[in-house]
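*Asks:* model this:
(one chain, ligands or ions: 1)
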Amino acid sequence: MELILNTPKKDVLGTPIERDGVWDWKVAFESWECPELAALLKPCPFCGGGFTFHQDVDYWHSGRIMKYQYYLHRDKYKKTGDYCPLVMIANSAVTLPAGDARPEDGYGGEIVEKWNRRANREATPWQ
Ligand SMILES: [Zn+2]
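*Replies:* Residues are numbered from 1 along each chain as shown. Just a heads-up that it's a prediction; the model follows:
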(Lines give C-alpha, C1' and ligand atoms only; values in the text may rest on other atoms or scores of the structure.)
Protein backbone atom coordinates (compact mmCIF):
# COMPACT_ATOMS: atom_id res chain seq x y z
CA MET A 1 0.00 0.00 0.00
CA GLU A 2 1.11 3.45 -0.77
CA LEU A 3 2.09 6.09 1.71
CA ILE A 4 1.15 9.59 0.67
CA LEU A 5 3.38 12.42 1.76
CA ASN A 6 1.18 14.68 3.84
CA THR A 7 3.77 17.17 5.03
CA PRO A 8 7.03 17.45 3.10
CA LYS A 9 10.20 17.18 5.09
CA LYS A 10 10.50 20.35 7.12
CA ASP A 11 13.41 21.75 9.02
CA VAL A 12 12.73 22.39 12.67
CA LEU A 13 14.54 24.37 15.30
CA GLY A 14 14.75 21.61 17.84
CA THR A 15 15.57 22.07 21.47
CA PRO A 16 18.72 20.10 22.27
CA ILE A 17 18.09 17.21 24.64
CA GLU A 18 20.57 14.99 26.42
CA ARG A 19 20.11 11.30 25.78
CA ASP A 20 22.55 8.67 26.99
CA GLY A 21 25.08 11.38 27.73
CA VAL A 22 24.92 12.78 24.20
CA TRP A 23 23.28 16.03 23.18
CA ASP A 24 20.90 15.61 20.28
CA TRP A 25 18.22 17.71 18.62
CA LYS A 26 15.54 17.23 16.03
CA VAL A 27 16.49 18.71 12.69
CA ALA A 28 13.53 17.76 10.49
CA PHE A 29 10.25 15.90 10.35
CA GLU A 30 7.80 14.68 7.77
CA SER A 31 4.30 13.25 7.90
CA TRP A 32 2.74 10.51 5.77
CA GLU A 33 -0.78 9.12 5.38
CA CYS A 34 -2.08 5.80 4.10
CA PRO A 35 -5.80 5.81 3.18
CA GLU A 36 -5.79 2.05 2.46
CA LEU A 37 -4.71 1.24 6.01
CA ALA A 38 -7.22 3.70 7.44
CA ALA A 39 -9.95 1.90 5.49
CA LEU A 40 -9.24 -1.31 7.45
CA LEU A 41 -10.69 0.18 10.65
CA LYS A 42 -14.39 0.07 11.41
CA PRO A 43 -15.87 3.53 11.91
CA CYS A 44 -16.11 5.11 15.34
CA PRO A 45 -19.00 3.50 17.31
CA PHE A 46 -20.03 6.89 18.72
CA CYS A 47 -20.23 9.05 15.62
CA GLY A 48 -19.65 6.73 12.67
CA GLY A 49 -16.66 8.75 11.62
CA GLY A 50 -13.54 7.31 10.15
CA PHE A 51 -9.88 7.49 11.00
CA THR A 52 -6.79 8.45 9.06
CA PHE A 53 -3.53 6.55 9.31
CA HIS A 54 -0.45 8.65 10.02
CA GLN A 55 3.24 7.94 10.00
CA ASP A 56 5.30 10.81 11.38
CA VAL A 57 9.06 10.68 11.02
CA ASP A 58 11.49 12.68 13.15
CA TYR A 59 15.08 13.16 12.00
CA TRP A 60 17.67 13.84 14.68
CA HIS A 61 21.02 15.48 14.31
CA SER A 62 22.76 12.29 15.46
CA GLY A 63 21.26 10.42 12.51
CA ARG A 64 18.60 8.76 14.64
CA ILE A 65 15.27 8.43 12.84
CA MET A 66 12.12 7.93 14.89
CA LYS A 67 8.78 6.88 13.42
CA TYR A 68 5.41 7.33 15.10
CA GLN A 69 2.39 5.54 13.65
CA TYR A 70 -1.19 6.05 14.72
CA TYR A 71 -4.79 6.30 13.57
CA LEU A 72 -6.33 9.71 14.10
CA HIS A 73 -10.07 10.24 14.65
CA ARG A 74 -11.41 13.36 13.07
CA ASP A 75 -12.85 15.64 15.71
CA LYS A 76 -16.36 16.40 14.47
CA TYR A 77 -19.45 14.70 13.11
CA LYS A 78 -19.56 14.76 9.37
CA LYS A 79 -23.02 16.27 9.05
CA THR A 80 -23.76 18.29 12.16
CA GLY A 81 -20.27 19.61 12.88
CA ASP A 82 -20.67 18.61 16.56
CA TYR A 83 -17.88 16.97 18.45
CA CYS A 84 -17.84 13.19 18.76
CA PRO A 85 -18.49 12.06 22.38
CA LEU A 86 -15.25 10.10 22.28
CA VAL A 87 -13.33 13.26 21.46
CA MET A 88 -15.18 15.15 24.19
CA ILE A 89 -14.38 12.47 26.80
CA ALA A 90 -10.73 12.42 25.77
CA ASN A 91 -10.73 16.24 25.66
CA SER A 92 -8.07 16.06 22.97
CA ALA A 93 -7.37 14.39 19.67
CA VAL A 94 -8.28 10.70 19.76
CA THR A 95 -5.55 8.45 18.43
CA LEU A 96 -5.12 4.69 18.30
CA PRO A 97 -1.53 3.49 18.48
CA ALA A 98 -0.27 1.61 15.44
CA GLY A 99 3.44 1.20 16.01
CA ASP A 100 3.41 -2.33 14.61
CA ALA A 101 1.55 -1.42 11.40
CA ARG A 102 3.39 -2.10 8.15
CA PRO A 103 1.98 0.08 5.37
CA GLU A 104 4.27 -1.60 2.84
CA ASP A 105 2.59 -4.98 3.56
CA GLY A 106 -0.92 -3.65 4.07
CA TYR A 107 -0.87 -4.74 7.72
CA GLY A 108 -2.75 -2.30 9.89
CA GLY A 109 -1.39 -3.50 13.20
CA GLU A 110 -2.84 -5.36 16.17
CA ILE A 111 -5.08 -2.41 16.99
CA VAL A 112 -7.15 -3.07 13.84
CA GLU A 113 -8.06 -6.57 15.06
CA LYS A 114 -8.93 -5.25 18.53
CA TRP A 115 -10.89 -2.24 17.29
CA ASN A 116 -12.82 -4.31 14.74
CA ARG A 117 -13.67 -7.10 17.21
CA ARG A 118 -16.95 -5.49 18.27
CA ALA A 119 -20.24 -6.59 16.77
CA ASN A 120 -21.38 -5.19 13.47
CA ARG A 121 -24.31 -2.81 13.58
CA GLU A 122 -26.29 -0.84 11.13
CA ALA A 123 -25.25 2.72 10.47
CA THR A 124 -25.71 5.09 13.39
CA PRO A 125 -28.42 7.75 13.16
CA TRP A 126 -25.74 10.41 12.84
CA GLN A 127 -24.45 9.15 9.53
ZN1 LIG B 1 -16.35 9.37 16.87
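*Asks:* Get me the contact residues on the chain for the ion.
*Replies:* Within the chain, the positions near the ion by C-beta under 5 Å from the ion are 44, 46-47, 49, 84, 86. For the C-beta atoms, the positions are set from N, CA and C on the backbone; glycine is no exception.
*Asks:* Restricted to helices, list those residues.
*Replies:* Leu86 (DSSP state H).
*Asks:* Buried members of the residues of the chain next to the ion into ChimeraX, please.
*Replies:* Applying 16 or more other C-beta atoms under 10 Å to the residues of the chain next to the ion, the buried members can be selected in ChimeraX as follows:
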select :44,46,47,49,84
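*Asks:* Just send the residues of the chain next to the ion back as CSV, with pLDDT and distance to Tyr59 too.
*Replies:* Output for the residues of the chain next to the ion, formatted as CSV (pLDDT from 0 to 100; distance: C-beta to C-beta, whole Å):
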residue, pLDDT, distance to Tyr59
Cys44, 89, 32
Phe46, 85, 36
Cys47, 85, 35
Gly49, 86, 32
Cys84, 86, 33
Leu86, 87, 32
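*Asks:* Widest-spaced pair of the residues of the chain next to the ion?
*Replies:* Across those, the longest distance by C-beta to C-beta is 9.1 Å; it joins Gly49 and Leu86.
*Asks:* Now do the shared contacts for these two.
*Replies:* Residues touching both Gly49 and Leu86 (C-beta atoms under 8 Å, 6 or more residues apart in numbering): His73.
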